[in-house]
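Engineer: Following is a predicted model, sequence given first.
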Amino acid sequence: MGAREEMQSMLRMMMMIRNFEETADRLALRGKLSGGIHNSSGQEAVAVGVMSALAPDDVIATTHRSHHHTLAKNFSAREVMAELMTKVTGVSKGRGASMHLGDVARGHFGGNGIVAAGMGIGMGAALGIKMAGDKKVSVGFVGDGGMNTGRTWEAINMAAIWKLPLIVVVDNNQYAVETFINRVTAGGDLAKRASGFGLPASTIDGQNVIEVRDAVAAAREYALAGNGPTFINMLTYRYYGHNTGEKGQYRTLEEIEDWRTHRDPIEQFAARLFKEGLLDQATYDEMKVSVEAEIQDAVEFSENSPHPDPSEVMLNIDSGKLRG
Amino acid sequence: MANDPSYSEAYQSGIREEMYRDSRIFILGTDLQERGGHFAQVKGIAQEFGGERVRDTPISEAAMVAAGVGAAMYGMRPVVDLNFMDFSLGAMDEIINQAAHIRYMFNGSVPLIIRATSGIAAGGAHHNNSFESFFAHTPGLSVAVPGTPYDVKGLLKTALRADDPVVFMMHKKLTGIRGPIGGPEDLVPFGKARIAREGADATVVSYGYTLVTAAKAAEVLAAEGEQIEIIDLRTLFPMDMDAVINSLKKHGRMVVADEAPLFASITAEIAATASEVAFDSLKGPIVRVGAQRAPLSADPGQVDATIPSVDDMVAAIRKVLSY
């Protein structure tokens, strides 16, 4: 893919994620989904930048807020939206909904309802890669809320001592539900904290998709060379509440507006591409139209898909090989 | 008997043979390489297979199990050795929310064994919990409780050749017992109980070290002419309720015994199910034998007062024999 196509593809993916999330949020508020969602609007550059640096068969394991990671890993809008409606055509065949998107066979080791548990599984996947002698990496996504739970640092320590091909990506939207990261984080500097484990650790602008991509590409090369894990704290922001319909008072409207206006990852990237002559208005307008069509198709597809059969609730709990 | 392998040696034998058979199998845990584990369960294995396949870990239970879960999802066959089952509490999310539930949602399997030594012995409250019931209670987990060296090896092999998370609980007080073991292809299936002692007058259903207590009680009663059957469940999930019911139907008298607190226990599950499906065969109520619902004291006298004794077992069997 040429530079123009690659850049436009990244931009379109971010636009698709934004449209997906805003559409899903409206559907959730109207009771059309199986529960609420954790909206990732504002965090698109983290997902798209990371996946742009990975090979298709690299592994990811992620968090409760993972629509953007999942879509960026080339799961279709149809199968993600269908999962939000718990339809059998969904990523997790309707058993997971918004918070449990995953397909091991496609290198997606799952969203997760438990903070930082996905990153631990990502560490385990990295161990599997190393034991199998494969040339791949595993990305463990974790939020800022996962920076103060013990399992995070247990996993990072283990990845460091064993030099596992793990990239820890902090999708740091700065708020753990309603708790601002700086209120609860001793020392303040997450990268500095991580660097105490003897691995490369940095904080980058998570609203800049190219900066994200390049940082992950470097971490990937570092891991493939056998040097072990990297910790990348990506500073980003979510435009919506922690969960659908949240009416929080924990941050100001001015703060949200400031991020939307001045640091929006999509607008920044589009402006850059215009400036560099890699995008023209007609193409940008076409993208908006095609993204809208893609998401509307995903909604229609999902609404027309069946729910899993209640008679199948006992299927695939285990392999059956241990049943007497 | 004296030359037979011990319970721990049976484990060594099983893991060694399986590691030669399948290069995807590896072990991780604390103090495995030099010490061979706290119960000598992997003594010599690191020297044979090297430090990549017998990995010493920091004391990080959550990361140990997470490492196993992720590696298993990737296609390896890890054995996470927690040494003491009590230490699983530091990894309970990884065992229950993660390992047990992944297959159901994420189109992949988790061939993971979590081995630890369990059961009541000396050492006090932090090393003597009985967690059998809540692992067996969790959808997605299978639970093995071998009572003999033969079953240690055979159940381990079966677990290592399946595709599921298995909690493998070996009893502290059985560590040194000796007995015959099977060969490389002698597998013991899950969900198939074993008749440890045949008898026509009453049945004791149990597992783990309580089988020893039950055998002693059966000897006492044999001297009085009573023939007591003892069923060793071998696995708690899947559970061989057919074997339990078949034995019960012979005579209608049953004791269910272990050393966990009686409240909400495995014995409660068995008694309730047997009552539901075989009520008409019962000559009187099923009697349960178990521990008091107390943390385990470190004082030997208080330990004895907490868990069932041979006398307690004899008394329970006499009660059902009286029907």
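Structural biologist: Nice, thanks for sending it over.
Engineer: residues in contact with B:Met1?
Structural biologist: Counting by C-beta atoms under 8 Å, 6 or more residues apart in numbering or on different chains, B:Met1 makes contact with B:Arg178, B:Gly179. The C-beta positions use only the backbone N, C-alpha and C, and glycine is treated the same way.
Engineer: where's the spatially most central residue of chain A relative to chain B, distance?
Structural biologist: By C-alpha atoms, centre = their mean, the mean C-alpha position of chain A lies nearest to A:His69, the distance being 2.8 Å. When distance is defined by C-beta to the nearest C-beta, to the nearest Å, A:His69 is 14 Å away from chain B.
Engineer: Would you mind splitting chain B into its domains for me?
Structural biologist: B:7-174, B:194-321 (automatic domain parsing).
Engineer: closest to chain A out of these?
Structural biologist: domain B:7-174 (1.9 Å; C-beta to the nearest C-beta).
Engineer: Do me a favour and get the end-to-end distance for that closest one?
Structural biologist: Chord length of domain B:7-174, first to last residue, is 7 Å (C-alpha to C-alpha, to the nearest Å).
Engineer: got a list of contacts for stretch B:14-24?
Structural biologist: A:131-132, B:25-27, B:42, B:45, B:48-49, B:53, B:75-77, B:79, B:152-154, B:156-157, B:160-161, B:181, B:184.
Engineer: List, one by one, the residues from the stretch 201-323 of chain B near chain A.
Structural biologist: B:Thr235, B:Pro238, B:Asp240 (C-beta under 8 Å from any C-beta of the partner chain).
Engineer: Briefly note if the helix or strand containing B:Gly68 comes near chain A.
Structural biologist: Following DSSP states H and E, one finds B:Gly68 within helix B:61-74. Yes. With C-beta under 8 Å from any C-beta as the measure, helix B:61-74 is seen reaching chain A through B:Ala62, B:Ala63, B:Met64, B:Ala66, B:Ala67, B:Gly68, B:Val69, B:Gly70, B:Ala71, B:Ala72, B:Met73, B:Tyr74.
Engineer: Just confirm the third one contacts B:Leu82, I think it does.
Structural biologist: The reference is to B:Met64. Yes. If you go by C-beta atoms under 8 Å, B:Met64 and B:Leu82 touch, sitting 7.1 Å apart.
Engineer: Pick out whichever of the two has more residues nearby.
Structural biologist: Shown here are B:Met64 and B:Leu82; by other C-beta atoms under 10 Å in any protein chain shown, B:Met64 has more neighbours (31 against 24).
Engineer: and that one, what pLDDT?
Structural biologist: Per-residue pLDDT puts B:Met64 at 98.
Engineer: who touches it in this structure?
Structural biologist: So, once contact is read as C-beta under 8 Å, 6+ apart, B:Met64 ends up touching A:Met158, B:Leu28, B:Gly29, B:Thr30, B:Thr57, B:Val80, B:Leu82, B:Ala91.
Engineer: so how many other residues sit close to the fifth one?
Structural biologist: This points to B:Thr57. Considering only other C-beta under 10 Å, B:Thr57 is surrounded by 21 other residues.
Engineer: average pLDDT across stretch A:34-43?
Structural biologist: In the prediction, stretch A:34-43 has an average pLDDT of 96.
Engineer: Stretch A:205-213 too?
Structural biologist: 98.
Engineer: now swap in stretch B:115-127 and tell me
Structural biologist: Mean pLDDT, computed over stretch B:115-127, is 95.
Engineer: Check stretch B:144-164 too.
Structural biologist: Mean per-residue pLDDT for stretch B:144-164: 98.
Engineer: same question, stretch A:252-271
Structural biologist: Averaged across stretch A:252-271, pLDDT comes to 96.
Engineer: again, but for stretch A:68-86
Structural biologist: The pLDDT scores in stretch A:68-86 average 98.
Engineer: Flag every buried residue along the longest helix seen in chain A.
Structural biologist: Assignment by DSSP state H gives helix A:3-29 as the longest helix of chain A. In terms of neighbour count (16 or more other C-beta atoms under 10 Å in any protein chain shown), helix A:3-29 has its buried residues at A:7-8, A:10-21, A:23-25, A:27-28.
Engineer: For chain B, what is the nearest residue in the stretch 101-250 of chain A?
Structural biologist: Chain B sits closest to A:Gly124 of the stretch 101-250 of chain A, with a gap of 1.9 Å, by C-beta to the nearest C-beta.
Engineer: What sits closest to that residue if chain neighbours are left out?
Structural biologist: Nearest non-adjacent residue to A:Gly124, counting by C-beta to C-beta, 6 or more residues apart in numbering or on different chains: B:Gly70, 1.9 Å away.
Engineer: count of residues packed around that neighbour?
Structural biologist: Residues lying near B:Gly70 (other C-beta under 10 Å) number 36.
Engineer: same thing with the one 3 residues further on?
Structural biologist: Around B:Met73 sit 28 other residues, with neighbours defined as other C-beta under 10 Å.
Engineer: and what of B:Val166?
Structural biologist: By other C-beta under 10 Å, 29 other residues sit near B:Val166.
Engineer: got it, and the one 3 residues further on?
Structural biologist: For B:Met169, the tally of surrounding residues (other C-beta under 10 Å) stands at 25.
Engineer: tell me the phi and psi of the residue lying closest to it once chain neighbours are set aside?
Structural biologist: Excluding the flanking residues, the one nearest B:Met169 by C-beta to C-beta, 6+ apart is B:Ser118, at 4.1 Å. The phi and psi torsions at B:Ser118 (degrees, to the nearest 10) take the values phi -140, psi -170.
Engineer: Same check on B:Ile286?
Structural biologist: The phi/psi pair for B:Ile286 (degrees, to the nearest 10) is phi -70, psi 140.
Engineer: Next one: it from B:His171, what distance?
Structural biologist: Distance check for B:Ile286 against B:His171: by C-beta to C-beta, to the nearest Å, it reads 23 Å.
Engineer: Same check on B:Leu221?
Structural biologist: Relative to B:His171, B:Leu221 is positioned 23 Å away (C-beta to C-beta).
Engineer: who has more neighbours, these two?
Structural biologist: The neighbour comparison of B:Leu221 against B:His171 (other C-beta under 10 Å) goes to B:His171, with 24 against 20.
Engineer: Touching, the more buried one and B:Ser206? I think so.
Structural biologist: No. Using C-beta under 8 Å as the test, B:His171 is too far from B:Ser206 to be in contact (11.4 Å).
Engineer: how about the helices of chain A, start to end?
Structural biologist: Under DSSP H, chain A gives helices at A:3-29, A:44-53, A:67-72, A:77-84, A:117-132, A:150-161, A:190-195, A:209-224, A:253-262, A:265-275, A:281-303.
Engineer: deepest of the ones you listed, which one?
Structural biologist: Comparing the helices of chain A by mean neighbour count (mean count of other C-beta atoms under 10 Å in any protein chain shown), helix A:117-132 ranks first with a mean of 30.
Engineer: list the helices and strands it packs on?
Structural biologist: Judged by 3 or more C-beta pairs under 8 Å, 6 or more residues apart in numbering or on different chains; DSSP states H and E, the packing partners of helix A:117-132 are strand A:59-61, strand A:138-143, helix A:150-161, strand A:166-172, helix B:61-74.
Engineer: Is the shortest one in proximity to chain B?
Structural biologist: Yes. Judged by C-beta under 8 Å from any C-beta, strand A:59-61 comes into contact with chain B at A:Val59, A:Ala61.
Engineer: Now do the buried residues in that strand.
Structural biologist: A:Val59, A:Ile60, A:Ala61.
Engineer: pLDDT of the helix or strand where B:Glu9 lies, averaged?
Structural biologist: In this structure, B:Glu9 sits in helix B:7-21 according to DSSP H and E. Averaged across helix B:7-21, the pLDDT comes to 98.
Engineer: quick check, distance from that helix to the centre of its chain.
Structural biologist: 17 Å (C-alpha atoms, centre = their mean, to the nearest Å).
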